[in-house]
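Participant: I need the structure of the sequence given here:
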Amino acid sequence: MERVLTGILMVLAPMALAVSALAIGYSVDHPTWWNAAVHLAILGGITMMIYAVNFRFIPVFARRSWRFPCLVLAQVAAGLLGAWLDFAGIGLRAIWMERIGIALALAGAVLFMFNVASLFHQKAHTPPPTDLHPDQAAVDKVGIGFTKLSASWLIVGLLIGVILSWWQPSFGRWDLVWAHAMLVGWFMTMAGGVSYHVLPRWTGVPWRSTQMVRLHYQIVTFGLPFMVLALATGWQWLFFIAGPLQALAILVFLVNVAPMVVKLTGPVRLAIAIAAMFLIVGLSLGVMFAVDASTGPRLRQVHVMANVFGWAGLLISGYGYQFVPAFSGRRLIWPRLATIQIGVMVVGVLTGMYAMWARMFDGGSGQAVTTACIVVAAGLVMFVIETAATFLAGRVEHIQLLSPTGSLPRITS
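Facilitator: Residues are numbered from 1 along each chain as shown. Prediction:
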């Protein structure tokens, strides 16, 4: 069941991202669908991919099994149905559908928290791995802290979403409060936790500094609430505290993982490295918004394209090209397609960012934005094809990339 459900989610999640990209292209002439597309990307794409990875990932590294598999299925069902109902409700302006959708997404998140807590309340089935660097045990504890923190932000973000479906405050930027809680608090924090667990196991390289890993966790823990509060209140002075803290957290993360990423190989390294570049671009735009609030509304679309499809989309692709073989037990069917897919995504995102910029400042063509979004969607569909083909190929050859003890062999070229 685990392998089948993981495969289904790892196909459905990028499909949702592809649909959201098409909806953004469509929103050039129909602005209502812009917000719907962002919601689908976060709830149907990013969140479902996190669920997919954690469905296999958490039990392996916790050395425990899911206590209530039926509740895991309920979590996935609620999350999937909620994401698509929320998307349709916002786009069609059917408020009842939007409210049901975001409530179901919240129910899925609560079940996720309950399932993780129930899993960790059990005793470990196997002893901890003995073939890791001595400092990795301490880093793994920080990684678990990231996982718990990200799940907390998921609940916070979805609670905000439920409130906003009933009441729109007349102050602050609450649409951005929701987006930051979900993208930075949920996705970015989870990405940090997963990275600190898997990268040394994939590369065989220890972390340079355990203290830097802890520093990243501390900055995220104390810094992100300032950003959310600044967006909620609109107090400009808070942005001058929150902006640098958020930038510092991302900088520390990139400094920590850079030596690991260069040791990876093939499409995994390529996608993660380019994703980090888009993260820097998105961060730079965010800092610009904090300094000059008037640039935010004009460059919001560029910011979303860089963060959602450049950073999140390519990071999902990069990690996916490592996790898909690990979870399916089969090498990628078409490894060259993986490289092509990354190239298509990069072209689409860069073209989309430029077209959105030109449209806002130079009266550029809306058709250019639509075309770029179609290219991004095509790249995501390529990832879906690669993933589906690899899972459907069956367990023809066994690749022990995730062992029962959580020890992953070193990647070699």
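Participant: Need the pLDDT of the closest residue to A181 other than its chain neighbours.
Facilitator: In space, and not counting its chain neighbours, A181 is closest to G157: 3.4 Å by CB to CB, 6 or more residues apart in numbering. In this view, the C-beta of every residue, glycine as well, is placed from N, C-alpha and C. Listed pLDDT for G157 reads 94.
Participant: Need the three-state assignment for G157.
Facilitator: Applying DSSP: H, G, I helix; E, B strand; the rest coil to G157 yields a three-state assignment of helix.
Participant: Assess the claim that it and V184 are in contact.
Facilitator: No. Look at G157 against V184 with CB atoms under 8 Å: they stay out of range, at 9.6 Å.
Participant: and these two? which has more neighbours close in?
Facilitator: G157 (28 against 23; other CB atoms under 10 Å).
Participant: Low-confidence regions, the stretch 1-150 of the chain specifically.
Facilitator: Low-confidence segments of the stretch 1-150 of the chain, defined by pLDDT under 70: 1-2, 128-132.
Participant: how about 80 then?
Facilitator: Applying pLDDT under 80 to the predicted model, the residue ranges of the stretch 1-150 of the chain that meet it are 1-3, 29, 61-62, 124-134.
Participant: One more: the stretch 301-413 of the chain?
Facilitator: Judged by pLDDT under 80, the stretches of the stretch 301-413 of the chain that qualify are 361-365, 394-413.
Participant: Recalculate using a threshold of 70.
Facilitator: 363-364, 394-413.
Participant: just the helices in it please.
Facilitator: Applying DSSP state H, counting those that start in this stretch to the stretch 301-413 of the chain gives helices spanning 314-328, 335-361, 366-392.
Participant: what angle sits between the last one and helix 335-361?
Facilitator: Looking back up the chat, that one is helix 366-392. Between helix 366-392 and helix 335-361, the angle comes out at 160 degrees (axes from the mean of the first three to the mean of the last three CA atoms, to 10 degrees).
Participant: Give the buried residues for helix 366-392.
Facilitator: The neighbour-count criterion (16 or more other CB atoms under 10 Å) identifies 368-391 as the buried residues of helix 366-392.
Participant: How about the second one?
Facilitator: Judged by neighbour count (16+ other CB under 10 Å), helix 335-361 contains these buried residues: 337-338, 341-342, 344-346, 348-357, 359.
Participant: same question, stretch 248-259
Facilitator: For stretch 248-259, a neighbour-count test (16+ other CB under 10 Å) marks 249-250, 252-254, 256-257 as buried.
Participant: Can I get the helices of the stretch 301-413 of the chain in a markdown table including distance to G286?
Facilitator: Listed next are the helices of the stretch 301-413 of the chain as a markdown table, based on distance: least, CB to CB, whole Å:
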| stretch | distance to G286 |
| --- | --- |
| helix 314-328 | 17 |
| helix 335-361 | 14 |
| helix 366-392 | 21 |
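Participant: quick one, what contacts I90?
Facilitator: Contacts of I90 were listed using CB atoms under 8 Å, 6 or more residues apart in numbering, and they are 32-33, 35-36, 39, 98.
Participant: T295 - how many residues pack around it?
Facilitator: T295 has 15 neighbours, counted by other CB under 10 Å.
Participant: ok so, going back, filter the contacts of I90 down to just the ones in helices.
Facilitator: Counting by DSSP state H, those place 32-33, 35-36, 39, 98 in helices.
Participant: just the buried members of these?
Facilitator: Neighbour-count burial (16+ other CB under 10 Å) applied to the ones in helices among the contacts of I90 gives 33, 35-36, 39, 98.
Participant: hmm, which two among the residues you listed are most spread apart?
Facilitator: Farthest-apart pair in those is W33 and E98; separation 13.0 Å (CB to CB).
Participant: mind listing what the residue nearest to I340 when sequence neighbours are not counted touches?
Facilitator: Nearest non-adjacent residue to I340, counting by CB to CB, 6+ apart: M382, 6.8 Å away. The contact partners of M382, taken as CB under 8 Å, 6+ apart, are 337, 340-341, 344.
Participant: Considering the residues you listed, which is situated nearest to I46?
Facilitator: Nearest to I46 among the contacts of M382, with distances taken as CB to CB, is Q341, at 17.7 Å.
Participant: So the closest one is in contact with A377, correct?
Facilitator: No. With contact defined as CB under 8 Å, Q341 does not reach A377; the gap is 11.8 Å.
Participant: I'd guessed T390 sits against V324; true?
Facilitator: Yes. Checked against CB under 8 Å, the pair T390 and V324 is within contact range at 5.3 Å.
Participant: For the two, list the residues in contact with both.
Facilitator: Common contacts of T390 and V324 (CB under 8 Å, 6+ apart): L332.
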